[in-house]
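> Got a predicted structure plus its sequence, pasted below:
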Amino acid sequence: MLARIAIRGPRARAGALPMIRRMDDTRKDALPLQIRAASSQRPISPHVKIYKFPVAALSSIANRVTGCLLSIGCAGVGAAAMFIDCNVPALIEVAKVSAPAVIPAVKLMVAFPLTYHYIAGVRHLVWDYTLKGLDIKSMEMSSYLVFGSSAAISLALATVSF
């Protein structure tokens, strides 16, 4: 049986979150978890999208994502070379000849995760061995430095032809 729930209006002070309270007295153990949590007289938690992530958190997330993408890419190329009997260097040469305009974008798609993950890994090694740069301001500065330097190196690598 679902309990009837009402949302109380905003409190007298500005910026307070609305509260949810239970209208009738039913057995708490018979209610679903969401209803019990809603009727506990606690403020409703806002969704995570309204918060601004710190740049250090975005840098950490980007480091994990680039690591996963590099692993998937290497495993995919390796699996294609082994199981499909694909000649990867010949396939790259065919792509260079057939679609030369796409090559810088593809090179950028490979170069950015590689350089970003490498530079962020070096930053983590410096943090681990020196224990310096772990305050919020230094982490923010180093995150911007990692993003900027990996973007510049990636653009340079994408424009160079070998």
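Arrived safely. Numbering: from 1, shown residues only.
> how much space between Arg123 and Ala79?
For Arg123, the distance to Ala79 (C-beta to C-beta, to the nearest Å) stands at 31 Å. Glycine gets a C-beta too; all of them are placed from N, C-alpha and C.
> who's more crowded, the two?
The residue with more neighbours, out of Arg123 and Ala79, is Arg123; 18 against 11, by other C-beta atoms under 10 Å.
> Would you mind measuring from the more buried one to Gly73?
In terms of C-beta to C-beta, Arg123 sits 22 Å off from Gly73.
> Ala80 now?
For Ala80, the distance to Gly73 - C-beta to C-beta - is 11 Å.
> residues of stretch 105-123 that come out buried?
107-108, 111-117, 119-120, 123 (16 or more other C-beta atoms under 10 Å).
> Return the member of the residues you listed nearest to Leu131.
Leu131 lies nearest to Arg123 out of the buried residues of stretch 105-123, by C-beta to C-beta, at 13.2 Å.
> and the closest one, what does it touch?
The contact partners of Arg123, by C-beta atoms under 8 Å, 6 or more residues apart in numbering, come to 142, 146.
> and if you look at Ser149?
By C-beta under 8 Å, 6+ apart, the neighbours of Ser149 are 115, 119.
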